[in-house]
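> Kindly return the folded structure for what I paste below:
(2 chains)
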Protein chains: 2
Amino acid sequence: MENRLKSELVSFLSKIPELSKNDVDLLAENIPVKFFKKGTILVKEGDVCNKCFFVLKGCLRQYLIINGVDKTTQFYTENQAAVFFTSFTNKIKSESHLSCVEDCILIVGEPGSEEEMNEQIPILGQITRKMMEQDFGKTQDELSYFIASSPEERYLNLIKTKPDLLQRVPQHQLASYIGISPESLSRIRKRLMKAG
Amino acid sequence: MENRLKSELVSFLSKIPELSKNDVDLLAENIPVKFFKKGTILVKEGDVCNKCFFVLKGCLRQYLIINGVDKTTQFYTENQAAVFFTSFTNKIKSESHLSCVEDCILIVGEPGSEEEMNEQIPILGQITRKMMEQDFGKTQDELSYFIASSPEERYLNLIKTKPDLLQRVPQHQLASYIGISPESLSRIRKRLMKAG
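Below you'll find the model as predicted:
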């Protein structure tokens, strides 16, 4: 298993053009990669989220429990970072939960170790900054799109932009993620099939 | 006017505890601050957003035009950064517009000048990184909240978290920002007034 984890990490790092072979080796030795079984809860409401997760393999689900009802608010799959920044940066309690929808292989970063690595590989700061800007951009775009669209448009957009999710997560979580009930999602799917 | 702009900038910078008096003076000399009249369009759909805006005074509105319909997707007021990261970081065309809802005094940052300043004031990189993490966290939280809430809950949350917006922007823009029609917002307001 240890070899499998390292090889997933090296495979990911090798795709970053700014890193030299030496950088990749150094990072592969120092970045913690862990395996988590499907169903593992990584962050609970009330925890301070003091780790950065990055998905090498698998799927994470972010959700809120509001009046006992579970509301899915995000999914993270391969090559996506999952960090709850309000909790992480301000060291305050998280309102969201984060759990493994599938068996997962994750980079588990801690703030101190990132700074240490940045000193040894100066380009790393720029790489992570750029990745964060891109993630931030995607979250901005998702918020804009969610506000401006109907549930049916959101479902069609999901098919277009994240088709793998439709196979990987249960229907009721998908429904909740586009802001509707499972029954409404079922009606939308039937309507689209008739029209299609 | 020039003095007014500088004094807004110095007042903002002086509140950042990590900056020395010298840092503030150096930044005040080098950071561009500009005045924009109400109605000015800062970014249009199709433009590459190659500037970072930061609101010292005023209010900005982000919106999408979908099939000719204007959909408000974000407001930015005092001490908030407005950057469309997908466009900015990847140098691609923006899908959103950004305009001034009021007369505005804004920091107008360009990528190159930020790096130059970072070299002269090394702590600056950490400050802007932390601000970005906090902004990212807020956007994550807004997306989660929007997905998980009803229009009435969103309106109540707006009253709680951004009460000044209710006075500063037209009702139809507020309605669109919480994802409903002006008529629906009007009904929600009436219901809440009756409920007392």
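
> Only C-alpha atoms from now on, for both contacts and neighbour counts.
OK.

> Run through the bridge partners of the residue lying closest to A:Lys44 once chain neighbours are set aside.
Excluding the flanking residues, the one nearest A:Lys44 by CA to CA, 6 or more residues apart in numbering or on different chains is A:His97, at 4.6 Å. With DSSP bridges applied, A:His97 shows beta-bridge pairing to A:Tyr63.

> which residues touch A:His97?
A:41-45, A:62-64 (CA atoms under 8 Å, 6 or more residues apart in numbering or on different chains).

> And the least confident helix or strand in chain A by mean pLDDT, what does it pack against?
Every helix and strand of chain A was ranked by mean pLDDT, DSSP states H and E. The lowest is helix A:111-120, at a mean of 83. Here helix A:111-120 is seen to pack against helix A:123-148 when contacts are counted using 3 or more CA pairs under 8 Å, 6 or more residues apart in numbering or on different chains; DSSP states H and E.

> List phi and psi for A:Val33.
phi -120, psi 130 (degrees, to the nearest 10).

> Surely it touches A:Lys57?
No. Using CA atoms under 8 Å, A:Val33 is not in contact with A:Lys57, being 10.9 Å away.

> Need the overlap of contacts for the two.
A:105-106.

> need the contact list for the residue nearest the centre of chain A.
With distances taken as CA atoms, centre = their mean, A:Tyr76 lies nearest the centre of chain A, 2.5 Å away. By CA under 8 Å, 6+ apart, the contact set of A:Tyr76 is A:55, A:59-61, A:82.

> Could you dump the contacts of A:His97 into JSON lines with pLDDT added?
Listed next are the contacts of A:His97 as JSON lines, based on pLDDT from 0 to 100:
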{"residue": "A:Ile41", "pLDDT": "98"}
{"residue": "A:Leu42", "pLDDT": "98"}
{"residue": "A:Val43", "pLDDT": "97"}
{"residue": "A:Lys44", "pLDDT": "97"}
{"residue": "A:Glu45", "pLDDT": "97"}
{"residue": "A:Gln62", "pLDDT": "98"}
{"residue": "A:Tyr63", "pLDDT": "98"}
{"residue": "A:Leu64", "pLDDT": "97"}
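
> Report the buried members of those.
A:42-44, A:62-64 (16 or more other CA atoms under 10 Å in any protein chain shown).

> Relative to B:Ile123, which of those is nearest.
Of all these, A:Val43 has the smallest distance to B:Ile123: 30.7 Å, by CA to CA.

> okay but the closest one is in contact with A:Ser99, surely?
Yes. Counting by CA under 8 Å, A:Val43 touches A:Ser99, with 7.0 Å between them.

> sec struct for A:Gln74, please.
Here A:Gln74 is strand, with the state taken from DSSP: H, G, I helix; E, B strand; the rest coil.

> cool, and the one 4 residues further on?
With three-state DSSP as the basis, A:Glu78 sits in coil.

> Next, find the distance separating it from chain B.
19 Å (CA to the nearest CA, to the nearest Å).

> Over to A:Asn22?
Applying CA to the nearest CA to A:Asn22 and chain B gives a distance of 26 Å.

> mind listing what that residue touches?
So A:Asn22 contacts nothing (CA under 8 Å, 6+ apart).

> where does it land on pLDDT?
Per-residue pLDDT puts A:Asn22 at 95.
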